[in-house]
Structures are given as structure tokens and as C-alpha cells.
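> Turn this into a model:
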Amino acid sequence: AMAQAALGAAGLHFDELNKLRVLEPEVAAQTAQLREDCRAFVEKTAEFQNIVGNLIDLVDQLAKAVESEKMKAIGARNLLKSIAKQREAQEQQLRALIAEKKMQLERYRIEYETLCKIEADQNEFIDQFIFQK
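Predicted structure coming up:
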């Protein structure tokens, strides 16, 4: 015991197998446990980094897919707008054509009425000419 105390004072200790050690057995066990805990922590950290990396990749893919769908939607909306503008232009053209045809119809109606009047006048003239004979 006295020898152990003298060795202990010199910083030397015996472990459970009676091997001479620089560290106290308890400190050596704590050191080994700490080393094991650190190794487990490093493994968990690497696993976490791997999971986060996969998550970032997945989010990037999702972002690209969303961007692609957004561009498709913008393209479709622009196409619809251009179709609507074309329809509007066609409608205006047709309205102008209808107005033009209505004016033409009115001219023909007036011309027809005038011709009817002329015909009636000529018939009256013919009747008077026949009765004079």
C-alpha cells in the first residue's frame, strides 16, 4: 500500500490487471468512454450531414420542378391572352363587316324604293298613254 501511494505520488498507477499505468484507472476508463462517445458523436454528425445533404438535394429538385411548372403556366397564360386578343380582333373585324353590310342593305332598300316609285310612275304614264288613244 505504501509502494502504491509512493507510485501514485509519482503519477503511476496499477490497473485491474496489475499493469503499470500513467493514468489512474478511473481517469483511463473515463478517457476511453469519452473517446467512444466522441467517435459515436462524429458518426452521428456525419449521418446528420448526409441526411441534410439528401434533403437539400430533394428541395433543389422540387424547386426546379416548381420553376418548370411555373414557366409552363406562364406560357399557357400568355397563349390564352394572345388567343383572346386574336378573338377580340376577329370580333371587331366581323362587327365592322356587319356595319358595312347593314349600310349596303340600307342603300339597296332606298334604291329599291326609288325603282318601285319609278316603275309606278312609268306604269301610270303607260296607262294614261293607252287611255289617250
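
> Quick check: buried residues in stretch 44-57?
Residues of stretch 44-57 include none that count as buried (16 or more other Cβ atoms under 10 Å). For every residue, glycine as well, the C-beta is placed using N, CA and C.

> in the chain, which ranges drop under the pLDDT threshold?
1-25, 133 (pLDDT under 70).

> Where is the longest helix in it?
Scanning the chain for the helix with the most residues, using DSSP state H, yields helix 25-132.

> Now do that one: distance to the chain's middle.
15 Å (Cα atoms, centre = their mean, to the nearest Å).

> Then stretch 120-133?
86 Å.

> can you tell me how far E26 sits from I98?
According to Cβ to Cβ, to the nearest Å, E26 and I98 sit 105 Å apart.

> Over to K70?
On the measure of Cβ to Cβ, K70 and I98 end up 42 Å apart.

> Likewise for K72?
Taken as Cβ to Cβ, the span from K72 to I98 is 39 Å.

> And for G53?
67 Å.

> Let's check: the centremost residue of this protein is which one?
K70 (2.8 Å; Cα atoms, centre = their mean).

> Alpha carbons of stretch 93-111, as PDB, please.
This file holds the C-alpha atoms of stretch 93-111, laid out as PDB (Å, rounded to 0.1, in the frame of the first residue of the first chain):
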ATOM      1  CA  GLN A  93     -63.500  42.800 -87.900                       C
ATOM      2  CA  LEU A  94     -66.800  41.000 -88.000                       C
ATOM      3  CA  ARG A  95     -68.600  43.900 -86.400                       C
ATOM      4  CA  ALA A  96     -67.200  46.300 -88.900                       C
ATOM      5  CA  LEU A  97     -68.200  43.900 -91.700                       C
ATOM      6  CA  ILE A  98     -71.800  43.700 -90.300                       C
ATOM      7  CA  ALA A  99     -72.000  47.500 -90.100                       C
ATOM      8  CA  GLU A 100     -70.800  47.800 -93.700                       C
ATOM      9  CA  LYS A 101     -73.400  45.200 -94.900                       C
ATOM     10  CA  LYS A 102     -76.100  47.000 -93.000                       C
ATOM     11  CA  MET A 103     -75.200  50.300 -94.700                       C
ATOM     12  CA  GLN A 104     -75.200  48.400 -98.100                       C
ATOM     13  CA  LEU A 105     -78.600  46.900 -97.300                       C
ATOM     14  CA  GLU A 106     -80.000  50.300 -96.400                       C
ATOM     15  CA  ARG A 107     -78.600  51.700 -99.800                       C
ATOM     16  CA  TYR A 108     -80.200  48.800-101.700                       C
ATOM     17  CA  ARG A 109     -83.500  49.300 -99.800                       C
ATOM     18  CA  ILE A 110     -83.600  53.000-100.800                       C
ATOM     19  CA  GLU A 111     -82.600  52.100-104.300                       C
END
